[in-house]
Structures are given as structure tokens and as C-alpha cells.
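Visitor: Generate coordinates for the sequence data below:
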Amino acid sequence: MTAQSLAFADLLQCAAEPDRLDWETLRPGVQFHALYGTPGVGPAAALLRYAPGASVPTHTHTDYEHILVLRGSQRDGDGHYRAGTLLASPPGSHHAVVSDEGCVVLAIWSAPIEFAAES
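Guide: Residues are numbered from 1 along each chain as shown. As a prediction, the model looks like this:
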């Protein structure tokens with residue numbers, strides 16, 4: 001069987017009207033809508049929706065992570081990223097993420113991320 005390419009239409013519209021999608025909890029205040037794969041298991045892509053003030057604790061990228069901010073903004077120790085920003089985190093990089101106002105992002109992972117031990 002030949003692998004088929006996947007096409008995801010209307011992602012910008014989904015970001016503008018996120019309540020029309022089915023969401024699952026990823027972390028407190030952060031939800032995901034899987035596009036393919038399962039976040040945290042292997043290669044995957046998902047829309048992530050952060051509530052205002054929500055955060056993801058420090059994690060290390062075991063392979064590339066790409067984040068396209070579709071709506072709102074998020075920040076980490078390196079900067080503040082508004083809608084339209086594409087972030088590419090290479091293997092071995094790490095950060096914690098916060099969204100002060102809330103946001104919707106497209107996240108694409110080549111491999112799972114590793115969370116730092118939470119105290």
C-alpha cells in the first residue's frame with residue numbers, strides 16, 4: 001500500500017473558530033486537536049489551544065519541533081511570538097512556554113519531547 005499525503009484545509013479558519021473542533025486535554029490549560037499521530041508518542045501534528053495564562057513546563061526536543069502561531073501569542077525565554085511566527089526548535093534545544101493572552105498554534109513534532117523532572 002502506498003502512503004498518501006495528508007491535506008488540512010482551513011487551518012486558519014479553525015484557529016479563528018476553535019470551538020468548532022474537538023479538543024483533548026494535553027496539560028492544564030492546554031488542549032490539542034490531533035491532525036496525525038499522537039502528541040508525545042512519535043511523529044505528530046496537532047493544533048494546540050492555550051487558555052490565557054496557560055503554560056507548558058521546561059522540555060527538551062529530541063528532534064525538530066515546529067510551531068506556527070496562528071492566533072494570539074506565546075513566549076519563552078528567547079522571545080515573544082505573535083500570530084504569523086514560525087518557530088523551529090532543533091534537537092537538544094529546550095524551553096518552557098507561556099501564553100499570557102491565550103493562543104492557537106500548529107505544532108509539528110518529528111519525535112516526542114522530554115519533560116524536565118517537575119518538582
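
Visitor: When you work out contacts or count neighbours from here on, use the C-alpha atoms and nothing else.
Guide: Noted.

Visitor: next helix or strand past the strand of greatest length in the chain?
Guide: Ranked by residue count and defined by DSSP state E, the top strand of the chain is strand 65-76. Note on strand 65-76: by DSSP states H and E, the next helix or strand toward the C-terminus is strand 79-82.

Visitor: Give the next helix or strand downstream of that next one.
Guide: Taking DSSP H and E, what comes next after strand 79-82 is strand 86-89.

Visitor: Show me what that next one is packed up against.
Guide: strand 65-76 (3 or more CA pairs under 8 Å, 6 or more residues apart in numbering; DSSP states H and E).

Visitor: Would you mind listing the outside residues contacting the strand it packs on?
Guide: Residues from elsewhere that reach strand 65-76, judged by CA atoms under 8 Å, 6 or more residues apart in numbering: 12, 15-16, 80-90, 95-111.

Visitor: hmm, 7 Å instead?
Guide: Residues outside strand 65-76 that contact it (CA atoms under 7 Å, 6 or more residues apart in numbering) are 12, 15, 80-90, 95-110.
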